[in-house]
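Colleague: The amino acid sequence is not available; the structure is as follows:
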């Protein structure tokens, strides 16, 4: 082919730089569009692919506003119910160490509650000037809209059990939430030694009315003859 028939190399300015290329300009146009579309698809989660007017850089409209992720983060009826539970409450704990044991009652406690996003945080501690050892107990309650169930976690400075996590089996109504904990070991003291005793634990949170709640915790010791008993009852009364 004579040299006069060959296409002279051309240049394309990209982000302020001149780059050399050969061949029809349509190839570059198609290639540039294809690269832009692939990058935008791979980065669809990034808001930089979406303009302020709701049009993506690929030229397609966002078909659902808000996005599904935004809808999951919105407060549903369960989170709205938790908002109404925030505030300060007086608390009494009644405990049974074993089936049929004489109950021990601990009063003079206060629970301070607040919302952290969709989670209800509760910090429980003795009131100022109360007799007995000081302690702190914290728990978190939320409804996971993606999984469609309640989630719960607690920690108590009085116990060496570490973080305790639980979840509901179903999307229980907020008036009565039943949850199961992961099996855990609790210390069984024998002389100067501590042997871990495996326990199963269930918890039922009942909202009796706008100002009163009860949190019951049931325990079942591992063994050939398991017996379930009510181990702790937390009774809450809203402060006026």
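Modeller: Nice, thanks for sending it over. Computed from a predicted model, the values in this text were never measured in an experiment.
Colleague: Every contact and neighbour count from this point should use C-alpha atoms.
Modeller: Will do.
Colleague: so what secondary structure elements neighbour the helix or strand encompassing residue 139?
Modeller: Per DSSP states H and E: residue 139 is located in strand 137-144. With contacts defined as 3 or more Cα pairs under 8 Å, 6 or more residues apart in numbering; DSSP states H and E, strand 137-144 has these neighbours: helix 77-85, strand 119-126, strand 149-156.
Colleague: Name every strand pairing with the last one and say which way it goes.
Modeller: So that's strand 149-156. Using DSSP bridges, the strands paired with strand 149-156 are strand 137-144 (antiparallel), strand 164-168 (antiparallel).
Colleague: Identify whichever of these lies nearest to residue 230.
Modeller: strand 164-168 (17.0 Å; Cα to Cα).
Colleague: and the next element down the chain from that closest one?
Modeller: strand 176-181.
Colleague: who touches the strand holding residue 139?
Modeller: Here strand 137-144 makes contact (Cα atoms under 8 Å, 6 or more residues apart in numbering) with 78-79, 82, 118-125, 149-157.
Colleague: Please convert the buried members of these into ChimeraX selection syntax.
Modeller: Per 16 or more other Cα atoms under 10 Å, the buried members of the contacts of strand 137-144 correspond to this ChimeraX selection:
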select :78,79,82,118,119,120,121,122,123,124,125,149,150,151,152,153,154,155,156
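Colleague: give me the number of residues near the closest residue in space to residue 212 that isn't next to it in sequence?
Modeller: Counting by Cα to Cα, 6 or more residues apart in numbering, residue 212 lies nearest to residue 237, which is 4.8 Å off, once chain neighbours are set aside. Neighbourhood size, residue 237 [other Cα atoms under 10 Å]: 18.
Colleague: which regions of the protein lie under the pLDDT threshold?
Modeller: Residues of the chain that meet the criterion pLDDT under 70 lie in 1-66.
Colleague: can you pull out the strands in this structure?
Modeller: 10-14, 17-21, 87-95, 104-116, 119-126, 137-144, 149-156, 164-168, 176-181, 184-190, 193-209, 212-221, 228-238 (DSSP state E).
Colleague: list the helices and strands the longest one packs on?
Modeller: Taking 3+ Cα pairs under 8 Å, 6+ apart as contact, the helices and strands that strand 193-209 lies on are strand 176-181, strand 184-190, strand 212-221.
Colleague: To residue 93, which of these lies closest?
Modeller: Using Cα to Cα and comparing the helices and strands packed on strand 193-209, the one that lies nearest residue 93 is strand 212-221, at 9.4 Å.
Colleague: Show residues contacting that closest one.
Modeller: The contact list for strand 212-221, computed with Cα under 8 Å, 6+ apart, reads 197-208, 226-238.
Colleague: List the pairing partners of that strand within its sheet, with orientation.
Modeller: strand 193-209 (antiparallel), strand 228-238 (antiparallel).
Colleague: Okay, angle between it and strand 184-190 too, please.
Modeller: Counting by axes from the mean of the first three to the mean of the last three Cα atoms, to 10 degrees, strand 212-221 lies at 70 degrees to strand 184-190.
Colleague: Strand 212-221: which residues count as buried?
Modeller: 213-221.
Colleague: could those go into JSON lines alongside distance to residue 97?
Modeller: Output for these, formatted as JSON lines (distance: Cα to Cα, whole Å):
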{"residue": "213", "distance to residue 97": "22"}
{"residue": "214", "distance to residue 97": "19"}
{"residue": "215", "distance to residue 97": "17"}
{"residue": "216", "distance to residue 97": "14"}
{"residue": "217", "distance to residue 97": "12"}
{"residue": "218", "distance to residue 97": "11"}
{"residue": "219", "distance to residue 97": "10"}
{"residue": "220", "distance to residue 97": "12"}
{"residue": "221", "distance to residue 97": "12"}
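Colleague: quick check, nearest of these to residue 174?
Modeller: Of the buried residues of strand 212-221, the one sitting nearest to residue 174 (Cα to Cα) turns out to be residue 213, at 11.4 Å.
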